[in-house]
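**Q** Let me see the structure of the following:
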Amino acid sequence: MAFGLGSSIFAFYFLVYRIRRFPVPVGFDTSWYVWRARFVGEQGIGPLDTAVRPGHALLSSVLGSVIHRPQLELAVVLPLVLVSVFALALGAFLVAGLGVRGWRWGTAVAVTGTLLGATRLVGENVANLLLLALVAAGLAASAHRVAAGKGLAGAVALFVAAGLAHWTFLAVVGAIMAMAAAMAFPSSRRDVAAGLPVLRTEAGVLASSIGATAAVMIVAVTGVLRAPFSTFEIKEDPRRFLPKLREDFSRLLLPLTAPLVAVGAGALALGLEPSPATSGGRPRAFVLRIVLAWTVVCVVGIVYGASTKNLPPHRFLMLLVAVPGAVALAAGVWWVGSAAFRAVARRWPARRTSLGVVPMVLLMGVLALPGGLAWYRFGPGIWLDPVGLQQTDTAVPYIDSLHPGTPVVFLIGPLGPAGLISVPLKERNIRAGLPTDREVDAHFFVGEPADLLAGRRTRVSPAIDREIEPSWEDVRSVLPTRPPVIVLQSFGPDQFASAVRMGAPVIAPGVALLQGTPPRQPLAEAQPPRAVPRALRGLVLGAALLFLLAAAGVGWALVVFGERSPPELSWSAAPAVGAAALILGGLVAAESGVRLAGPGGVTVYVVVAVAGSLAAIISRRRSNEGHIRKESSDR
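**A** Numbers count the residues shown, from 1 in each chain. Modelled structure (predicted):
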C-alpha cells in the first residue's frame with residue numbers, strides 16, 4: 001500500500017512532463033541542484049561552496065550512481081519522488097502520534113501528496129521538501145519515543161540529515177519544537193511527579209532532540225564541512241514577496257479547502273478524530289502541540305515577512321500548508337468518512353464498506369484539484385535554458401583542449417527574465433553543462449565585450465551593480481592574464497552580436513571566442529539535451545527510486561520504531577529514513593575521500609542498506625531476548 005500510494009503520487013506529478021512536453025526539468029533552482037550533485041559526486045565536497053547544504057547533492061549523487069542515470073535526468077524524477085517520501089513520512093507521523101491505521105492512514109498520505117502541488121515545494125524548493133520529509137520522519141520517531149520509550153537516537157539522526165539538506169530552515173523547525181516543548185512543560189512536570197523519567201516526557205523528548213541536534217549540527221557545519229551558517233546565495237527581490245504570497249494563496253482554492261480544514265481542526269481539537277479508541281494519550285497531545293506550534297510560527301512568519309519584507313512570507317505559507325494544513329485537511333476527510341460509514345451502516349448494514357467509501361473517494365478527488373490545477377496549469381516553469389545548455393555542451397571540447405587549470409571566462413549579459421537575479425541564474429545554467437573538473441576554472445564577466453577587453457567593469461544600474469558585485473570581484477583577478485573568453489549567444493544575445501562585430505570568431509553555432517586562440521576547425525554543434533524520459537520509462541524510474549529509498553531505510557526504520565510497531569509506521573517512514581541514512585553515509589564517505597559517482601556511490605548504498613538490515617536483525621534478537629527474560633521473571 002505504501003509503495004502503491006507513493007508511486008501514484010509520483011505519477012500524479014510526473015505526467016505533466018509528457019502532457020506539456022517540457023524538454024528539461026522545471027524549477028528555478030534546477031541548474032543549481034544539477035551542477036552541485038555532479039560536482040559533489042565526481043570531485044567531492046568543499047570547492048565552490050558545495051559544503052553549504054550538501055544533503056541533496058549527497059543523496060542525488062548516490063542514487064544517480066545506483067541507477068546509472070545522469071543528474072540532468074535525475075532532476076526530473078527525484079524531486080517528484082520526494083513528494084511521495086514527504087507524504088508517506090507525514091503519514092508515519094500521524095500513525096505514531098494519533099494511532100491512525102488503515103483507511104485513515106491511506107487518505108492522509110493521499111491528501112498530503114496531492115495538496116503539495118499547490119505550493120512551491122513541488123519541483124521548485126527541493127531542499128526544503130527534502131528537509132520536511134526528514135523532519136516529518138523525525139517527528140514520527142519523537143512521537144514513538146513519547147509513546148514507547150525508544151526512537152530518540154533515530155529522531156536526532158533524521159533531524160541532522162534534514163539540517164544537512166537545509167540548516168537555515170531547520171532553525172525554524174527548532175523554534176517550532178521549542179514552542180511545543182514550552183506548551184508541554186506543565187503536563188511534563190505532572191508526568192515527572194508521577195514517576196515518568198524526564199527524557200520520556202514530551203518536553204524532555206523535544207528538549208533533548210533540540211539540544212542533541214544543535215550540538216551535532218554545530219560540529220558538522222563548523223568542524224567537518226567548515227561552511228558558513230548563512231546559506232542564502234541568491235536574495236529574492238523584496239518587491240516580489242507580496243505578489244508571490246497572493247499568488248500562492250490563490251492556488252490553494254480556499255473556498256474549497258478552508259471549510260474542510262476548519263472541520264478537521266475542530267475534530268482534532270475535540271477528540272472526534274481519528275477515533276475514540278486512539279483519541280487520548282500523550283502521543284496525541286504531542287502531535288497536537290507540534291501542529292499548533294507549527295501554525296503559530298508560520299503565521300507569525302507570514303505577518304512579519306509581509307509587513308517588514310525582511311523574510312519571504314510565501315515560504316512560511318508553504319510550511320503552513322505542508323504540515324498543519326495537510327493534517328487538518330486529512331482530519332476533515334476522516335470526519336466525513338466516519339460520518340458516511342455510520343450513515344450507511346444504519347441504512348444498509350451489509351454494504352457499509354462499499355457504499356461508505358464512495359463519498360470519501362469523491363471528496364479526495366475534489367481535494368486533488370488545488371494541487372492538480374496549480375501544477376498542471378502553472379507549475380514552477382522552465383528556468384534551465386535548453387538552448388544555452390546545448391551551446392555550453394558545444395563549447396566543452398574547446399574548454400577540454402585547454403591546459404588543466406587554465407582560467408576560462410564566460411561573458412554574459414546583465415539582463416534576463418529573472419530580473420535582478422538573472423546573472424546567478426545564467427551562471428548556474430552554464431555550470432550545469434560544464435565538466436566538473438573545469439568548474440573551478442570558470443569565471444563570469446557580466447557586461448560588454450569592450451569593457452572586458454579594457455579590463456574595466458560594466459556599469460548597468462545601482463541595483464544590478466550590487467547583484468553582480470561578487471562576479472566582478474572573482475573575475476577581475478584573472479583578467480590581467482588574458483584568459484580565453486567565451487560568449488554564448490543564449491546568455492547574452494546583444495553581447496554576442498557586439499563580440500562578432502568586434503571580430504570575435506564564431507567557433508560553433510551560438511559560440512563566439514572573444515579572446516584566446518581559436519580551434520583550427522569549427523566545433524561540431526552538440527545534440528539538444530534529452531533530460532525528460534518517456535512516460536513509461538519515467539514512471540519506472542520514479543518507482544525504482546522510491547523502492548531504493550525504502551530498501552535502504554526499512555532496516556533502520558525497524559531499529560528506530562521496533563518490529564512490533566504498526567506496519568503503516570515502519571513502511572511509511574522507510575523511504576525518508578533511507579534518504580537520511582544515505583545522506584549521512586554519503587557525507588562520511590565523501591569526507592573520507594570516496595567519490596560518490598560510479599562505484600563509490602553504489603558501495604555507499606550497499607553498505608547503508610546492508611548495515612540497516614543487520615542492525616534490524618540484532619535489534620530483533622535483543623528484543624526477543626528481553627521478552628524472554630521478562631516472561632521468565634514474571635513466571
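
**Q** So what's the residue count around Tyr376?
**A** 15 (other CB atoms under 10 Å). Where you see a C-beta, it was placed from the backbone N, CA and C, and this is true even at glycine.

**Q** Model confidence score at the closest residue to it other than its chain neighbours, please.
**A** Closest residue in space to Tyr376, ignoring its immediate chain neighbours: Val16 at 5.5 Å, by CB to CB, 6 or more residues apart in numbering. At Val16 the predicted local distance difference test score is 95.

**Q** any idea how far Thr231 is from Val16?
**A** Look at Val16 and Thr231: by CB to CB, to the nearest Å, they are 29 Å apart.

**Q** Kindly report the same for Glu563.
**A** 38 Å.

**Q** In terms of neighbours, single out the busier of the two.
**A** Neighbour tally, Glu563 and Thr231, criterion other CB under 10 Å: the higher count belongs to Thr231, 15 against 12.

**Q** wait, doesn't that one sit right on Thr168?
**A** Yes. Using CB atoms under 8 Å, Thr231 makes contact with Thr168 at a distance of 5.1 Å.

**Q** What segments of the stretch 101-250 of the chain are helices?
**A** 102-115, 126-148, 152-165, 167-193, 202-218, 241-251 (DSSP state H, counting those that start in this stretch).

**Q** Any chance of the ones you listed in a markdown table with distance to Ser619 and mean pLDDT as columns?
**A** As requested, the helices of the stretch 101-250 of the chain are exported to a markdown table (distance: least, CB to CB, whole Å; pLDDT from 0 to 100):
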| stretch | distance to Ser619 | mean pLDDT |
| --- | --- | --- |
| helix 102-115 | 24 | 95 |
| helix 126-148 | 13 | 96 |
| helix 152-165 | 11 | 97 |
| helix 167-193 | 26 | 96 |
| helix 202-218 | 20 | 96 |
| helix 241-251 | 43 | 93 |
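
**Q** can you redo the ones you listed as CSV with distance to Phe22?
**A** Formatted as CSV, the helices of the stretch 101-250 of the chain follow (distance: least, CB to CB, whole Å):
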stretch, distance to Phe22
helix 102-115, 20
helix 126-148, 16
helix 152-165, 25
helix 167-193, 27
helix 202-218, 36
helix 241-251, 19
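
**Q** most tightly surrounded among the ones you listed?
**A** Mean neighbours per residue, mean count of other CB atoms under 10 Å, is largest over these for helix 126-148, with a mean of 28.

**Q** Report the angle between it and helix 152-165.
**A** 170 degrees (axes from the mean of the first three to the mean of the last three CA atoms, to 10 degrees).

**Q** can you give me how far helix 126-148 is from the chain middle?
**A** 13 Å (CA atoms, centre = their mean, to the nearest Å).

**Q** okay, it in CSV with CA atoms only?
**A** Taking C-alpha atoms only, helix 126-148 is exported to CSV below (Å, rounded to 0.1, in the frame of the first residue of the first chain):
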residue,chain,number,x,y,z
VAL,A,126,13.6,20.7,-3.5
ALA,A,127,16.0,21.2,-0.5
ASN,A,128,13.0,22.5,1.6
LEU,A,129,11.0,19.5,0.5
LEU,A,130,13.8,17.1,1.5
LEU,A,131,14.1,18.8,4.8
LEU,A,132,10.4,18.5,5.5
ALA,A,133,10.3,14.8,4.6
LEU,A,134,13.2,14.1,7.0
VAL,A,135,11.7,16.3,9.7
ALA,A,136,8.3,14.6,9.5
ALA,A,137,10.0,11.2,9.9
GLY,A,138,12.0,12.6,12.8
LEU,A,139,8.8,13.8,14.5
ALA,A,140,7.3,10.4,14.0
ALA,A,141,10.3,9.0,15.8
SER,A,142,9.9,11.6,18.6
ALA,A,143,6.2,10.7,18.9
HIS,A,144,7.2,7.0,19.2
ARG,A,145,9.7,7.9,21.9
VAL,A,146,6.9,9.6,23.8
ALA,A,147,4.7,6.5,23.4
ALA,A,148,7.1,3.6,23.6
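
**Q** how near is the closest residue to Met177 other than its chain neighbours to Gly195?
**A** Nearest non-adjacent residue to Met177, counting by CB to CB, 6+ apart: Leu206, 5.0 Å away. For Leu206, the distance to Gly195 equals 20 Å [CB to CB].

**Q** what do you get for His443?
**A** For His443, the distance to Gly195 - CB to CB - is 66 Å.

**Q** These two - which one has more neighbours?
**A** The neighbour comparison of His443 against Gly195 (other CB under 10 Å) goes to His443, with 19 against 6.

**Q** isn't that one right next to Ile412, touching?
**A** No. In this structure, His443 is not within contact of Ile412 by CB under 8 Å, at 10.9 Å.

**Q** contacting residues around Val478?
**A** Pro407, Val409, His443 (CB atoms under 8 Å, 6 or more residues apart in numbering).

**Q** Go through these and name the one nearest Leu523.
**A** Val409 (17.8 Å; CB to CB).

**Q** Pairing-wise in the sheet, spell out the partners of that closest one.
**A** The partner list for Val409 in beta bridges (DSSP bridges) reads His443, Val485.

**Q** got a list of what Ala110 touches?
**A** Ala110 neighbours (CB under 8 Å, 6+ apart): Leu5, Ser8, Ile9, Ala87, Met364.

**Q** Any chance of these in JSON lines with distance to Val109 and neighbour count as columns?
**A** Putting the contacts of Ala110 into JSON lines (distance: CB to CB, whole Å; neighbours: other CB atoms under 10 Å) gives the following:
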{"residue": "Leu5", "distance to Val109": "5", "neighbour count": "21"}
{"residue": "Ser8", "distance to Val109": "10", "neighbour count": "14"}
{"residue": "Ile9", "distance to Val109": "8", "neighbour count": "28"}
{"residue": "Ala87", "distance to Val109": "5", "neighbour count": "29"}
{"residue": "Met364", "distance to Val109": "11", "neighbour count": "19"}
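
**Q** Show me how this structure divides into domains.
**A** 11-380+531-625, 386-515 (automatic domain parsing).

**Q** Pick the most deeply packed of those.
**A** Sorting the domains of the chain by mean neighbours (by mean count of other CB under 10 Å), the first place falls to domain 11-380+531-625, with a mean of 21.
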